[in-house]
Structures are given as C-alpha cells and as structure tokens.
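Peer 1: My questions concern the predicted model and sequence given below.
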4 protein chains.
Amino acid sequence: MIQFQCDYNEGCHPEILAALQRTNMEQTVGYGEDAYCAAARDAVRRAIGREDADVHFLVGGTQTNATVIASILRPYQGVLSADRGHINVHETGAIEHTGHKVLALPSCEGKITASQVEDAIKGHFAEDGPEHAVQPGMVYLSFPTELGTLYSKKELQDISAVCRRYGQPLFIDGARMGYGLCSPDCDVTLEDIARLADVFYIGGTKVGALFGEAVVIVSDALKKDFRYYIKQHGAMLAKGRLLGLQFMTLFADGLYFRISQHAIDMAMRIKNGLKETGIELYSESGTNQQFVVIEKDMYDRLSRDFLLSLWSETDDGRYVVRICTSWATTEENVNKLLNAFKKN
Amino acid sequence: MIQFQCDYNEGCHPEILAALQRTNMEQTVGYGEDAYCAAARDAVRRAIGREDADVHFLVGGTQTNATVIASILRPYQGVLSADRGHINVHETGAIEHTGHKVLALPSCEGKITASQVEDAIKGHFAEDGPEHAVQPGMVYLSFPTELGTLYSKKELQDISAVCRRYGQPLFIDGARMGYGLCSPDCDVTLEDIARLADVFYIGGTKVGALFGEAVVIVSDALKKDFRYYIKQHGAMLAKGRLLGLQFMTLFADGLYFRISQHAIDMAMRIKNGLKETGIELYSESGTNQQFVVIEKDMYDRLSRDFLLSLWSETDDGRYVVRICTSWATTEENVNKLLNAFKKN
Amino acid sequence: MIQFQCDYNEGCHPEILAALQRTNMEQTVGYGEDAYCAAARDAVRRAIGREDADVHFLVGGTQTNATVIASILRPYQGVLSADRGHINVHETGAIEHTGHKVLALPSCEGKITASQVEDAIKGHFAEDGPEHAVQPGMVYLSFPTELGTLYSKKELQDISAVCRRYGQPLFIDGARMGYGLCSPDCDVTLEDIARLADVFYIGGTKVGALFGEAVVIVSDALKKDFRYYIKQHGAMLAKGRLLGLQFMTLFADGLYFRISQHAIDMAMRIKNGLKETGIELYSESGTNQQFVVIEKDMYDRLSRDFLLSLWSETDDGRYVVRICTSWATTEENVNKLLNAFKKN
Amino acid sequence: MIQFQCDYNEGCHPEILAALQRTNMEQTVGYGEDAYCAAARDAVRRAIGREDADVHFLVGGTQTNATVIASILRPYQGVLSADRGHINVHETGAIEHTGHKVLALPSCEGKITASQVEDAIKGHFAEDGPEHAVQPGMVYLSFPTELGTLYSKKELQDISAVCRRYGQPLFIDGARMGYGLCSPDCDVTLEDIARLADVFYIGGTKVGALFGEAVVIVSDALKKDFRYYIKQHGAMLAKGRLLGLQFMTLFADGLYFRISQHAIDMAMRIKNGLKETGIELYSESGTNQQFVVIEKDMYDRLSRDFLLSLWSETDDGRYVVRICTSWATTEENVNKLLNAFKKN
C-alpha cells in the first residue's frame, strides 16, 4: 500500500537521524537547557528575524495548542477560532479540558476574517451584562488551514490589526507552516508571521522531524513563566536535546524550507495531473493537502493500492478525499498515483 | 418603572416568607439534612410520582447545570445542547470550566430534535478515530426553552428513546418548569418529565422562591455521591433548611402550580392584547415569556415607563423585545402595559 | 435537643427578615445591580474605611474561597495555606477542582507564620528548575481560624509585609470575621484587615444573615472582571438584592458587631463556667468556638440533651468537643449547658 | 564534565537507533495503530505474563501520570500518594490541573504502608459528612521510589490487598521500573507488579529509550476509552511507531533487563567503592540512585569535573547528593568518580 493519507507516514529526514546518531552518546543536561536547544533557538530566531523572541520546543500539536492557549487566557475567557479549526474538532476537547470555551466562528474554506473577529469582540462587550457570556480572550488560526488554504498577507494584517486594537493576542498554529510558506499561492514570509502574530508555532512533526513543534513567543507579555506551563502540560521532554537537535538541523541552513518545497512540488504535480485527468478538485489548495471529489467506486478501486483519507461525503453521495504529500513523498509514488487515477 | 424584563424581579411568594418567619429561631442541622429538607424531598417525590428519586436542593441555575453535568460526564465527553441553550451562551463557560465541551446543535425556536441527537451520536462513533473528537456523553435541553417554546410529549419521548438507545443520560433544565407545565400548549406532565429524563431540575428562583432549584435524579446510575459534587461546586447551602422550607411550601399542596398558572394567565392576556393591538409576535410562545417585534421608537417610548428586555435586532433594524410575567405579575401592571402598547 | 454544634443553626437576625418582608414585592433588577446592593456596598466600604474597595456579595464560604482564589492564580500557581485551613480539608477539593494545588504549611493552633510563608516562597524560587514545582501564587488564612484562634495585629502585619515583598496577594477568609473582631483577645480592627489584606471576605452566613459573604477587593490589581468569575462559579444570585438587603441591614448601623459581641459574651460565659467546673479546655480560644476535652461517657450523657460537635479523639481516648455560640445563642441555653456539664 | 546527575543524559541504546534507521522510510499509519506498536504491545504482554492487558505508549512520565490518574478518578476524588511522590512535588501541579487533590501521606524513605492507606480510606468514610472532604479514589506509588528505595513483595501485596478491599485502583509509577527489578534487594518480578497493580507503567525514557513510557492497564474496569484520554492530554504521538519501535526493541528479547542490570552493576560498584572510601550513605539504596552525605567543600571540588545532583541540606549544613547510573554509564566514568571521591 502506498500511503498518501497524511503527512506523517515516514520517520524523519535522514539528516536528523544522522544528527541523532552522531550525538547519541554525548551527555547533556535535560529539559531543553542543553547546548543543542540553545543553538536551535538561535537558528529559529534567525529564520524569523527576531532576536528577542522566546523559543520553546514541545512534542506535538494538540499539546502545543493546549499549552499555549492555557498560558494566555484567564479562566472566563475563550479563544476565537474557525469552526473547522483543529482545536475545535480534532483535539478531544483538550482546550475545554483546560477550562476554556472555543468560540467557534463560521469559516469559509477553513478561514475566518478580520471583520468576523471584530464583530465577535465588539458584540461581546456591547452586551448588557457581558459577564454572563465567555469573554473573547485571544484569536487562533491555522496557517495553512486544515483545508490546505492560506491566508493572504492582507488578510493576516487585517486580523492582526483587529487583535491589537482590542488587546487580543493572535496565535497562529503552524503545524504545516513550511508547506504554507512554500506554496506558489503564498505571499507571506516567516518574518511576516513573526511580526503579525503574538505567538505561533512552527511544526516539525509534519515537516521532516520525528516529532516536535517550535513555539515562538514574540509578545513580551506572553513570555513569563512559560516553562511552568510546558511542565504542567506534560510537554517538557526529559531529553530535550532531541528537539534541539531536530530543529537545529532543520533551521541551521534552510533544510526546513527545501524539504517543504519538495512536498509542494509533489503536490502541484498531483494537482495538475488530476486536473488533466478531469478529476474534480474540491478546493483550490496551493499547499500539500489536495482535496478531490470522486465516485465511491473509484475510491474503492484506488484503495486497493493506495491509502487515501476519506474526508466527507457530498450531498450527491460522492466522496471528498484528501491526498497529502510531504518532505518524504517520492516522484515514483506520485506517478503511480496519477496513473491509477487515469486508469480508474 | 414597571418591570417586565425578567421573572425574578420580586422577592418571593408571601407563604414562603411566612414559613421563614414562623421557623426562624428554630434550630436545625445544616447542609440539607434537616427535617424541612426531608419533607420537601417527599413533597417533590409525590409531585413527580416517583418514590425512588433522589432530590437535592441547590441555590441557582448556572450552579445546578454545572454541578449536574460535571457529575455525569467523563473528562473526554461533552454535552449535546441546542446552540441557544443556556449552558452554551449565558453561563460564562461554567461547563467548559469543569472541562467539558458543549456540543452545540443548531436549534429551531430553541429546540433540538431526536434525529439531530441521533445523528450527532452516530456520527461520532462512525468516525475513523473517534478518539480525536469529544465524545457525546449526555443530552441537555430546557423545558421550556430560552425562547419560551415547549417540547411536545412526542418530541420528548423521541429524544428520550434515542438517549436510552445510545446510553446517553437526558438532563432537562426546568428553570421555568412551572411556566411550561401550566401553558395551554403543554401536553406534558411532571410525571412525564420524571419518566423521560434521567435527571432534571425544577426551578424555584423564577417561580415563587427567593432562590433555589430542586434537582431530581431519577436514574439510579447517576445518584452515587452527588452530595460530593454539590459541595465541591460550592452549592451546598449551610442553612439548607432555607431551601427545604421553600420547596416544602411550594410543593406541599400545589402552590407551585397555582402561581405558575397565574403567570401564564397574565402572559396570555398580554399575548392576546398585543395581537388585538396589531403588534407582531416574534414567536408563538405559550409560556410566560412573550417576544414581540417593534420599531426602535416604540421601544424607546415604552422604556420611559417599563423595563423590557431588548433581545436582538432584526435585519430590517427593528427590535425583538422580551416581556416576562411571573407568579408576581399584577393585573394592574398588565393593563398598564397593554395600554402603553395601544397608545404607542 | 439544644444545639451548640455550629453557628448556623437558626435562620437570621429578625431585622433581616423584617427587611425582606418590607421589600418583598418591590421590583428590582437582578444580579447584584440593584439599589440595595449599592447601599450595602457603601455600608461595607464605610465599615472598613476604604471608599475605593470593590465589594461583591456571594452566597457561601466554599464558593467564595474557590471564586476568589481562581480569580488570582495563574494555572501553575498554588495557594499557601495552613494545613488545617478550610480550603485544604473541608471543601471537597473545590480549589483543586479549579486546577490549583493547596500548598499546605504545618500550622500551630490553626495558624501559620510570616517566616513559614517567606521560607516557602524563597525555597521555591531558589530551586534549580523551579518550574518543576507548583509556584506559590498567593497566601490564604482564616480570621479567626478553624480552631477559634486569632492572629495578632503583629502577626498579620508580618505576613502582609512578606506577601508584599514577594508580590503574593494575601486573602483573608472571614467566615467568622465578626466573632474574631469582637473577641477580648483581638487587637485587630476591620480597618486593619482592609489595610493588610489584598482581598478578604466578611462572613454573613455564620453571623446573622440567612446566607451571604461580602468579598472586599482592596488591591486594584485584583478587581478586573471579577463579576465574570462570580458568574462562572455559579455564585451570581439572580435576586442579588437578597444579599444587598442582608448586608445593608448588618452594616448600616453596626448590627453586625452588636450581634457578634453577643456571641462572644455567650462564649466567654461558657468558657468561664467550664473552667470553674474544672472541664479541661483544649485551647485558649477567645472566639465563639470553644473546644473542651471530656470523657466519652460525659459526651454521651450530654448528647441526650445537647447537640455538640465531636472534633477529634485524644491519644488517651478522650473526646475533643466543639461548642459554638452565635448571634442567636440564648442565655437560657447557655445556663442549661453549664448546668449539664456541672451535673455530668 | 562527566554527568551523574540523572539517568537521562545520553540519547538511547544503539539498537533502538538502529531500528529507527532501518525503518525510517517505511510508511505506517499514525497514532499507535501501526504494526510496530502492535508487536511492542505483544512483547510487553509476554514480559508481564498477561495476554489480556491493554498496553499504550505515551511520551513522558508527568504526562503519563496525569493521563492515567485523570482516567480513573471522579472529580471529587483524590489520589493517595507518598508526600515525596513525584506527582506531589515535581509535576508543577499537573494532577491538580486535572482537578484532583493529591492526598499526601507522610512517607518513610519515600514509601507508604498498607496501614496508612487503610487508615486514610477508613478515616474518610468514618467522618460525619464525608462529602465535605476529598474522597480517596486510588493509590499511587513509585517502584522504585524517588529515593531509590524498593517496596518488598510483602509490602506490595499488603497495599494491593487493602486497595482491593476498598475498591481503590492501585497505580504503580515505574519510570525506573527496570532499575528496581534488577536490584539485588528486589524480590518482586514484573509478573508480580502486573498481578498486584491495576495499572502501571514501564519507563523507557530513563531506561534506554529516547523517550516513552508503556502504560499497562490490567484491570478491565480501567480500560474503556483510554485512547480518548491520551489524545485529550496531548499524549498521542502522531508517529506512534517511534514508541512501538522502541518498546519492541527493548522487550523483544530482554534488552530492557540487560541494560537495567548494567546500570545496577555500576551503581553497586559506586556504592561499595564509596563505602570503602568511608563516604556516608544517606540511605541504603539498592537501585541506580545512590544518595551520599558530604561536606559542601567536597561537593564543590567534585563539581569541577562531575555533574552531580544536589538533593538537600542536612541540619548540620552538609549536602545530600544524588549520583545516578543508567544503561549508558561506563566503567571508565565510574572509576573516575570513585577516584575523585578518594582524592577529595
């Protein structure tokens, strides 16, 4: 079976494994206070162009979202998010488990707008007796979104401006950050993200690492005592150097972007190939997640050789199917997939 | 100012105050273990026709909802509710504060349907990897709803049947239970509620008491250690007898229903009067909450003499206004209100 | 049975019931925003000599403790408290339920010292890797304590000074505040409390009210959005005026202190009477809670006519028994109790 | 600097790295549902002699403790633990963060006794009004303890018997399980642990793995929906196979025990060497953690070449210092350490 169902099928980029091998028997102190973590933090700071940012390494995405959000909100506050946002639908209530409501806004192609955010905030405070409702306390969005779509620089600037006007920290979930930044549709840089967000994370798990997410805290107001939150959330890896080594390898000389670009190249080949074959695209995604609409029969036939992700069903009974590429996707497998679509 | 904006403007029914006066210097043990609470529990059990039910007295509605829901759900479970349900919009995230997501279903006139509930439950368990989402763990509904509407016996039976089929406890919020049961539109009895729900509460705060809600646990599986939850939620009144005395007074000889009926009679006079005057009703409510659609100007003029509740704005800029009656509403004030509408 | 087991056996002071009666059919707005609450807030502010304090009325003690503490701490912080403090032993984990550890310090006669507090704070921050432990975030103490003992002004000043040096808010639980302030052993005034604490509450439930606690927030940093916390904790009474009327009655002209003084007078009669009879006192309490050490047999004989509170057992098998007076204790009952002790 | 301060200084056992290398570009499904995890679960089941146990792989210790405990307790319940237990002092309140009190019992050399546990449970239920206190809901202990000590089989049997008598699940934290089982002082086997505990975990992070803990749920009552808890706690690794590969490598042919034995051999060499040199041992530990009492000066001199862990200070101003060995400790470094002690 050839797997295109997600972007975490393989282990990690070979350079990372080589780094682990090379350093394996070295002794370091724990909990992220070793030299590799320090070097990785520096590399990330250079990549985002912010010497003053705090950088922390956590293990996984749900954990990172819960930890960051819990560090920002007061108990009576909630987080504004797209209704299809990862925190609202795919984290088993990890945010609510820390006591906070996800204030879901209707999304369009996985995205929310600055005016939605502003309306929600203004609406809350305009109420007679706002203390009877959850107070919006921050804004969460994903770049790229769960549907592979991207916010434009203008859209992010507008959301960021609203957030700052109303004192709401903006948190950007970058589980697939690399695949967003390398998209042909993207007009945003990592520096832009660091300028427009108050805190964000750069995903490693889906972009070449064995695991790991780099949280970048840009806003001074959010930096205090963050390590307590990491520990309390069970997110402080004893052998923190493992995270340091991975992010050092990814960011020391741009490996992160090169392998992200590869995933995008593979995704665009698939997208164009499918278009040529006449397969209907569910959305115009420019990132590593492509969504197609196919008959159930075709899905069943493809499923003999390929693992794809069944996303949802259309009203007329067809299937929306997700196809993911990653840093590890081979041209050979892409060709096989396109041929299979042609034959079926 | 004459107040129609809510149903908790006055103190309490005079008989309750008389009972407090009569017993004031008696000594009783605390925390709901006195003879008045025992008598009140018996009176409630008789009223619902269930000798085996557990009855507990709490102070207020939000507290009651949070305590009951926390006593039922496991940490990874959420509560299915109408999106306009009180727990979803007017409790400052009290449910999320205990760690649980409110799984909001789109509502029609404040109500949800058995098939919505079933779809949500089946949909969750049909997912590949259901553990990535919050598991539905119980169903919450209000009788009457926040919009004054009522579930029919058939609707409740259907929801109850779905709940039992899937092992989901059904919790009915009866903050205004009396005003529902005495509505001309109601085909449900308190016995029906006790048969169809697993746990529910009978509201006192809005129906003649100074404060207090009577939680009735019908399902044996939900009875264990409930007093721990009451205490942990800060809901165990030291002088529990105050609650016992109130519910004993309300339920010993049907006072609860007589004063509920009065509120409904007043509401129907208002409803009919407004109809005659040509005022547009926002919904066909048969309970003590009436909603009308009026011009902003009329609202402003009425607001010189009356306190009404501004509910929302229509798309064409008019106001939806709530008018509440209660056990304490006087015919005199109802007449004044109707006259004011006529003149304006 | 004559009850001396606690200080919440009776209803409320007759003046409070009269106020409820007098205002019963008046219409007011809800949730503590009525004129009676405003008047009560003013009366409390005058009593403590602080025009700038925020005053909120909640229903009960456990609820108040949980709400105040949750409003102060960040998730990784805990509250320093005597190990015998109410929050550590008698609130069913209400504090932990909001996510916070009670950092218990060994107590002497229910009290903690400034140096214990300082050591705990310094000890935490001196640790290598303090983020692996709960950070002290505030200090809680009771005045009087659960054992009826009192902090002297000097002791409170010292604790307050340590708290301010280390930026730790000091919260004083005054469930029995009146009985402390009127004790012959007390050298502290309500103004002192308001000067030394950052937030405290004045208990009504045990001192003449039907129920109710007045939270006084002195420190500006703790005032923001407190009403959201009240609502989220299910502590916002719909008919808030009930609390306003009670505290207005208690504080308008010093009733609170007069009835507290009565309880202390009764307690001192008991204390002196028992001493004369040769009964062993467990502690030298100057407040309304007296603790005696008696043989099990005597306890059983007394228990035929009196409800006392069995507190603990001594190593030699005797009983420590608590005797409480209150605003409602009669001389007649005190005489009967002393006679019973004499005869037994 | 040669590091003896903890047992997670190096990467992982070379066989694990080889397994990661060998499988790196294979494609597997995520979240622990791949074939390597299945094989690892089987290997663990064989090692404990229980075909029916559920085995789950999590990332770290604090995370595992919080997840397991949250899966067992009801909101009003707490966990009985030694006061020096990891969950009580070194997890930044992760347990309280999930809403539960740690019911700390005074410990002797890090251990608690069956009678302490029984007294705590009986004491709670014997109270008048037990619902005012946190109900004991389970028992937590560490094997070996944080002080390197071990429970004997008899001690574990007694605690287990009490737990079963009172319906309290027993959870054994085995972060250093291998180092306990291979101690010369140990009369317990992994099969015994699996028989006496209801749930336990076998630590990988400190015993040869890069990271990872294997939770073994023996009691059927605790198995339901555990994957929801893992996900909610941010503990479900996307590339779950990494955990599978590690535990498969450790348990397929006894590697776990061989490398644990090495650590114990090194620890015993240190222990005996120090005894010969006349260094005072703080406790008689038979596991990989050795505690010595030395003068501050000696500590400072040793600290030029060695990283040791300063544990506490004695009353007479000397230092208690922890020395750890692990699977990775070399004879060469042990010799250097012993020589340094001799010279100093």
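Peer 2: Right, received. Where do you want to start?
Peer 1: ok, and the closest non-adjacent residue to the closest residue to chain C within the stretch 1-150 of chain A?
Peer 2: The stretch 1-150 of chain A approaches chain C most closely through residue A:76 (3.7 Å), counting by C-beta to the nearest C-beta. The way it works is simple: take the backbone N, C-alpha and C, and place the C-beta from them, glycine included. Sequence neighbours aside, residue C:228 is the residue nearest to residue A:76 in space, at 3.7 Å (criterion: C-beta to C-beta, 6 or more residues apart in numbering or on different chains).
Peer 1: any idea which element the one you found lies in?
Peer 2: helix C:226-232 (DSSP states H and E).
Peer 1: Spell out whether the next helix or strand after that helix and chain A are in contact.
Peer 2: Where DSSP H and E defines the elements, the next helix or strand beyond helix C:226-232 is helix C:241-251. No - shown here: helix C:241-251 not in contact with chain A (C-beta under 8 Å from any C-beta of the partner chain), separated by at least 15.8 Å.
Peer 1: Tell me the gap between helix C:241-251 and the middle of its chain.
Peer 2: 18 Å (C-alpha atoms, centre = their mean, to the nearest Å).
Peer 1: check whether that helix contacts chain B.
Peer 2: Yes - Helix C:241-251 is in contact with chain B by C-beta under 8 Å from any C-beta, via C:241-242.
Peer 1: got the contact list for the helix or strand just after that helix?
Peer 2: Per DSSP H and E, helix C:241-251 leads on to helix C:255-277 as the next helix or strand towards the C-terminus. With contact meaning C-beta atoms under 8 Å, 6 or more residues apart in numbering or on different chains, helix C:255-277 is reached by C:7, C:13, C:15, C:47, C:178-179, C:181-184, C:202, C:207-208, C:249-250, C:281, C:285-290, C:292, C:323, C:325-327, C:329, C:331, C:334, C:337-338, C:341-342.
Peer 1: Point out the ones among the residues you listed that are inside helices.
Peer 2: C:15, C:47, C:178-179, C:181, C:249-250, C:331, C:334, C:337-338, C:341-342 (DSSP state H).
Peer 1: Which two of the residues you listed have the greatest separation?
Peer 2: C:47 and C:342 (39.9 Å; C-beta to C-beta).
Peer 1: residue closest to the middle of chain A?
Peer 2: Closest to where the C-alpha atoms of chain A average out (C-alpha atoms, centre = their mean) is residue A:175, at 2.1 Å.
Peer 1: residue contacts, that residue?
Peer 2: A:61, A:86, A:142, A:201, A:203, A:205-206, A:213.
Peer 1: what angle do the helix or strand hosting residue A:36 and helix A:241-251 make?
Peer 2: Following DSSP H and E, one finds residue A:36 within helix A:35-48. On the basis of axes from the mean of the first three to the mean of the last three C-alpha atoms, to 10 degrees, helix A:35-48 is oriented at 30 degrees to helix A:241-251.
Peer 1: Helix A:35-48 packs against which elements?
Peer 2: strand A:54-58, helix A:190-196, strand A:213-217, helix A:241-251 (3 or more C-beta pairs under 8 Å, 6 or more residues apart in numbering or on different chains; DSSP states H and E).
Peer 1: From the chain's centroid, how far away is it?
Peer 2: 20 Å.
Peer 1: I'd like the average pLDDT over it.
Peer 2: The average pLDDT for helix A:35-48 rounds to 98.
Peer 1: List only buried entries from the contacts of helix C:255-277.
Peer 2: C:7, C:13, C:15, C:47, C:178-179, C:181-183, C:202, C:207-208, C:249-250, C:285-290, C:292, C:323, C:325-327, C:329, C:334, C:337-338, C:341 (16 or more other C-beta atoms under 10 Å in any protein chain shown).
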